[in-house]
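>>> I'd like to go over a predicted model; first the sequence, then the structure.
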Amino acid sequence: MKLVECVPNFSEGRDRAVIDAIAGAISAVEGVTLLDVDPGPDTNRTVMTLIGQPEPVATAAFQGIRRAVELIDMRRHSGAHARLGACDVCPFVPVSEVQMDECVAYARGLGERVAAELGVPVYLYEQAASAPARGNLADVRRGEYESIPDRRGDPHWKPDFGSLDDCERSGATIIGAREFLVAINFNLNTRDRLIAHDIALEIRQIGRARRDSSGKILRYKNGRARRKPGKFKHLKAVGWSMPEFGCAQVSVNLTDYKKTPLATVFDEVCSLAEARGVRCSGSELVGLIPLDCLLEAGRHFLHRAGKGAGVPERELVRLAVQSLGLSDLYPFDPAKKIIEYRIPDPRPLLAGSVRDFADELSSDSPAPGGGSTAALCGALAASLACMVGQLTAGKKDYQKVSKEMKRLGERAQGLKDDLLQAVDDDTAAFNEVMDALRLPSKTPAQKSERTAAIQAATRQACEVPLRVMRALIEVADLAEAAATRGNRNSLSDAGVAGLCARAAVDGAYYNVMINLAGIKDKAYVAKQSREAKRILQQATKTTERISSLMKKSFS
């Protein structure tokens, strides 16, 4: 399903009636889920996060902006956060099956509609920017709402849509498309805004202005300040005081958390705070956060402690939340703050218990069946290999293989998750085949459409078990490494991992071949059949070596 996230920021964080009215306008649009409403009284700003298919999301964003323009008077607005209008910024973010260029198109379409129907001037930014100079949000917002009178008549500040005339009440809106932005505030055990801001200058990409020995800012001939770059790219930051919480904060926007990891920034803020005689006591997340960002943070803190990161997802999340101090100001609920956890789970089999799966498997329904069971066996094999790695790494008698076992555990966890996903994917693929078979076939056009749908669905039903087989090559290798170099007290566990991997690869092979029998494309059938047989032979040899080792060890 195509999904996009939209994160409009409204210039009202104190009047609950206004906030609720805007949220209500968004929620009223069918097909859209309002995931989060995060008001800040001191910033006088509310961040709302909504998700859904692109068209409804664009409609909901417009309705939210329309309501904000009706209710917010920028002539009376003040707050700690920079802002340009009643709806200050409104980015579209690709989530699932949506490309960035599609988000750009929706951003531009929304901008045109806001200007035409609401009379609000609109600037485009980030990936939707009409010119490189407007790519950076801070550049577009420079001077804030108060700069609008000076912008009139200046070609550099001409909006992409609409006019700056007669917008005193609404201000201007900035609309764009971008990757996930992580907005987080690091809490200091001081109320001193200057300390927080000094740390922000050190870490943000644009850094700080260079000064001479007398403290005077050094400038280029054109008058612009010379700058000393900060420590991190893809990072924006300011320091402010938050009377509500009795502390100062380093407020950070990570525009690419994959290139500038959150945990690395947190460690640096802690270090810089200590150097200034204060402490970073924790963090406050604004809006939602991608799961990957927290998982990487969890791995980071485990590695810092000299531990392997081959642990389940929930443990990585728990460790990240605890280490970042995300519950410092108020309880952090992963179920509400991690974006993937707010999207309905499309994996009904994994959502149930082991008994639920076994009961469904034993029913007269043809799915789940052998393919899902093979994937589950593979996931169990990966889990066992991971367990042996965890029980080996760091042990006194296994120092020489400790690093290898840590890597083994991390890789096995990833393969386990992929194979668990395939449990539901295999059943979904079978159901697609059944849906195609039920299509009408009375007319020649219907027959043609039905045949094409059956062939496409059958290919997918073949691809899922073949994907399982590809993963099982690695799983078998990891099981062998666990059996030959892992903790001897867990040898039987490594042996069972090998047996599960063998059953899984055989079962997946059966499902590949039975689906290939229904595909008419001979070249495709030959290619997939060759790959399946090659993987089967390779994995069989590996698992046979494990079995031989077991027999020798226990004879």
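Right, received. Where do you want to start? Predicted model, so just to flag it, every value in this text is computed and none were measured.

>>> just the pLDDT for the spatially closest residue to Arg16 that is not a sequence neighbour.
Ranked by Cβ to Cβ, 6 or more residues apart in numbering and with sequence neighbours excluded, the top spatial neighbour of Arg16 is Pro39, at 7.8 Å. Glycine gets a C-beta too; all of them are placed from N, C-alpha and C. Note for Pro39: predicted pLDDT of 94.

>>> now Pro39: how far from Ile19?
As judged by Cβ to Cβ, to the nearest Å, Pro39 and Ile19 stand 6 Å apart.

>>> joint contacts of these two?
The contact sets of Pro39 and Ile19 overlap at Glu12, Gly13, Thr46 (Cβ atoms under 8 Å, 6 or more residues apart in numbering).

>>> and what about the second one, helix, strand or coil?
In other words, Gly13. coil (DSSP: H, G, I helix; E, B strand; the rest coil).

>>> contacting residues for it?
Residues near Gly13 by Cβ under 8 Å, 6+ apart: Ile19, Pro39, Gly40, Pro41, Asp42, Thr43, Asn44, Arg45, Thr46, Gly79.

>>> please tell me how far it sits from Ala172.
Distance of Gly13 to Ala172, computed by Cβ to Cβ: 19 Å.

>>> then the first one?
When Cβ to Cβ is the yardstick, Glu12 and Ala172 sit 16 Å from each other.

>>> ok, these two, which is more surrounded?
A side-by-side neighbour count of Glu12 and Ala172, using other Cβ atoms under 10 Å, places Ala172 first with 28 against 23.

>>> checking Asn253 next. Helix, strand or coil?
Under three-state DSSP, Asn253 comes out as strand.

>>> what ranges do the helices span in the stretch 101-250 of the chain?
137-141, 148-151, 193-203 (DSSP state H, counting those that start in this stretch).

>>> same thing with the stretch 451-555 of the chain?
491-516, 522-554.

>>> what is the distance between the longest one and the centre of its chain?
The chain centre lies 35 Å from the centre of helix 522-554; the measure is Cα atoms, centre = their mean, to the nearest Å.

>>> helices or strands up against it?
For helix 522-554, the elements it packs on are helix 444-485, helix 491-516, judged by 3 or more Cβ pairs under 8 Å, 6 or more residues apart in numbering; DSSP states H and E.

>>> most tightly packed of the ones you listed?
Ranked by mean neighbour count, the helices and strands packed on helix 522-554 are led by helix 491-516 with a mean of 23 (mean count of other Cβ atoms under 10 Å).

>>> okay, the helices and strands packed on helix 522-554 in CSV with distance to Gly369 and mean pLDDT next?
As requested, these are arranged in CSV below (distance: least, Cβ to Cβ, whole Å; pLDDT from 0 to 100):
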stretch, distance to Gly369, mean pLDDT
helix 444-485, 11, 96
helix 491-516, 8, 97
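
>>> just so I know, which of those helices lies nearest Ser362?
Nearest of the helices and strands packed on helix 522-554 to Ser362, taken as Cβ to Cβ: helix 491-516 at 16.7 Å.

>>> helices or strands next to the closest one in the packing?
Using 3+ Cβ pairs under 8 Å, 6+ apart, the elements in contact with helix 491-516 are helix 370-392, helix 444-485, helix 522-554.

>>> how far off helix 370-392 does the last one point, in degrees?
Which is helix 522-554. Between helix 522-554 and helix 370-392, the angle comes out at 40 degrees (axes from the mean of the first three to the mean of the last three Cα atoms, to 10 degrees).

>>> in helix 522-554, what counts as buried?
Along helix 522-554, these residues count as buried under the neighbour rule (16 or more other Cβ atoms under 10 Å): 525, 528, 532, 535-536, 538-540, 542-543, 546, 549-550.

>>> returning to that earlier point: can you redo the helices and strands packed on helix 491-516 as CSV with distance to Ala196?
Formatted as CSV, those follow (distance: least, Cβ to Cβ, whole Å):
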stretch, distance to Ala196
helix 370-392, 40
helix 444-485, 46
helix 522-554, 55
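
>>> the spatially closest residue to Gly306 that is not a sequence neighbour: what's it in contact with?
The shortest distance from Gly306 to any non-neighbouring residue, by Cβ to Cβ, 6+ apart, is to Gly394 (7.3 Å). Going by Cβ under 8 Å, 6+ apart, Gly394 touches Gly306, Lys307, Gly308, Ser402.

>>> pLDDT score assigned to Gly394?
On the pLDDT scale, Gly394 is placed at 89.

>>> number of nearby residues for Ile51?
Ile51: 24 surrounding residues under other Cβ under 10 Å.

>>> now do it against Glu340, distance only.
Applying Cβ to Cβ to Ile51 and Glu340 gives a distance of 10 Å.

>>> one more: Val278?
Between Val278 and Glu340 the computed distance is 34 Å (Cβ to Cβ).

>>> who's more crowded, those two?
Set Val278 next to Glu340 and count neighbours by other Cβ under 10 Å: Val278 wins out with 18 against 14.

>>> Val269 versus the more buried one, what's the distance?
11 Å.

>>> now Ala248
From Ala248 to Val269 the distance is 12 Å (Cβ to Cβ).

>>> for Ala422, grab the count of nearby residues.
For Ala422, the neighbour count with other Cβ under 10 Å is 25.

>>> buried sites along the helix or strand harbouring it?
Using DSSP states H and E, Ala422 falls within helix 402-437. Buried residues in helix 402-437, counted by 16+ other Cβ under 10 Å: 402, 404-413, 415-416, 418-430, 432-433, 436.

>>> same check, this time on stretch 300-317
Neighbour-count burial for stretch 300-317, counted by 16+ other Cβ under 10 Å, picks out His300, Phe301, Leu302, Lys307, Gly308, Ala309, Gly310, Val311, Leu316, Val317.

>>> identify all contacting residues around the strand or helix carrying the first one.
Secondary-structure element containing His300, defined by DSSP H and E: helix 291-304. In this structure, residues lying in contact with helix 291-304 by Cβ under 8 Å, 6+ apart are 180, 182, 257-258, 261-264, 266, 308-309, 311, 313, 315-321, 323-324, 334, 338-341, 410.

>>> please redo it, this time with the cut-off set to 6 Å
Contacts to helix 291-304, defined as Cβ atoms under 6 Å, 6 or more residues apart in numbering, come from residues 182, 257, 261-263, 309, 316-317, 319-320, 323, 338, 340.
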